[in-house]
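Participant: coordinates for the following, if possible.
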Amino acid sequence: MNHSNSCFYYSYFTFTHTMNHFVKSLFIFLSLTTSCFAQSIHTSVPKKIKKSEKYMFYLHGRIIEEQGIHAVHPEYGPYEYSAILDSLSKYGYNVISEVRAKNTDENIYAEKVVKQIDTLLKGGIPAEQIFIIGASKGSAIALLVSAKAMNTKINFAILGACYEDQDLKAGKLKLCGNFLSFYEKSDTWCISCVKLFENQECVTKFQEVKLHTNKKHGVLYQPYSEWITPLMKWTKEVK
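Facilitator: Next up is the predicted model:
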């Protein structure tokens, strides 16, 4: 091999070695950066509970029960279940969510969630670090969780929880906790939940956001910034 070829192979080896080292370093950096902000997504309470971290339950809408994670509504389009979970976890929360069985009984499932909350509390997680997010049927389950847990410090965000034919005063649930409610102006099903929260002595705080996306009930189907952003802001303000 002549001198020029030797120089070429040496230069090629040096370049390749440097690039490989750079790629490995970049991969490690990106992995560490991602892990600093995002947390894991679980189907139940993780075995290792970290007291310094926050835990968020996401309770999906009925259509996921009926069609699974690739559910598509003829008017509202796909229910982006996985994308919603990813969006929530990117804000630093351990997200707990599972696809419920078809025709899941709301009361029975609420009891299951309460047991998971008890596991977190016994594991040393302060109630203020627990968030229950419910959409549509999931919000009905979230309300039942509130009534069964009866903890003033647990946080609940409900999306599309109250509807026109619902008698919000008769047989009212005794709710407990810190609440944030969302409803969409163009939604032909859902209305404000203000009446539901009247004279709820165990509710420490109630806030409501009226959305103006013109997406009707479909606003719950994707992680739109219109509800994700105020939701995350609210969670950060919890003390």
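Participant: show me the protein divided up by domain.
Facilitator: 1-37, 40-237 (automatic domain parsing).
Participant: mean pLDDT lowest for which of those domains?
Facilitator: For the domains of the chain, the weakest mean pLDDT is recorded on domain 1-37, namely a mean of 42.
Participant: OK, contacts around the residue lying closest to residue 164 once chain neighbours are set aside?
Facilitator: Nearest residue to residue 164, sequence neighbours excluded (C-beta to C-beta, 6 or more residues apart in numbering): residue 191, at 5.9 Å. To be clear about C-beta, it is placed using only N, CA and C from the backbone, and glycine gets the same treatment. By C-beta atoms under 8 Å, 6 or more residues apart in numbering, the contact set of residue 191 is 162-164, 183.
Participant: follow-up on the earlier one: ranking the domains of the chain by burial, who's on top?
Facilitator: For the domains of the chain, the largest average neighbour count (mean count of other C-beta atoms under 10 Å) is found in domain 40-237, namely a mean of 18.
Participant: distance between it and the chain's centre?
Facilitator: 7 Å (C-alpha atoms, centre = their mean, to the nearest Å).
Participant: what's the span of it, first residue to last?
Facilitator: End-to-end distance for domain 40-237: 22 Å, by C-alpha to C-alpha, to the nearest Å.
Participant: what do you get for stretch 148-163?
Facilitator: Across stretch 148-163, the terminal residues are separated by 22 Å (C-alpha to C-alpha).
Participant: related to what we said a few turns ago, and the contacts of residue 191, which two are furthest apart?
Facilitator: 164 and 183 (11.3 Å; C-beta to C-beta).
Participant: name the nearest residue to residue 138, ignoring sequence neighbours.
Facilitator: residue 59 (3.0 Å).
Participant: with residue 148 instead?
Facilitator: Once flanking residues are discounted, residue 148 sits nearest to residue 114: 4.9 Å by C-beta to C-beta, 6+ apart.
Participant: is the one you found in contact with residue 149, as I believe?
Facilitator: Yes - at 5.2 Å, residue 114 and residue 149 qualify as touching, with contact defined as C-beta atoms under 8 Å.
Participant: where do the helices sit along the protein?
Facilitator: Ranges of helices within the chain are 3-37, 62-67, 81-89, 106-122, 137-149, 225-237, based on DSSP state H.
Participant: so how far is residue 142 from the closest residue in space to residue 200 that isn't next to it in sequence?
Facilitator: If the residues on either side of it in the chain are set aside, residue 200 comes closest to residue 175, at 5.0 Å by C-beta to C-beta, 6+ apart. As judged by C-beta to C-beta, to the nearest Å, residue 175 and residue 142 stand 10 Å apart.
Participant: please consider this matter closed, and thank you.
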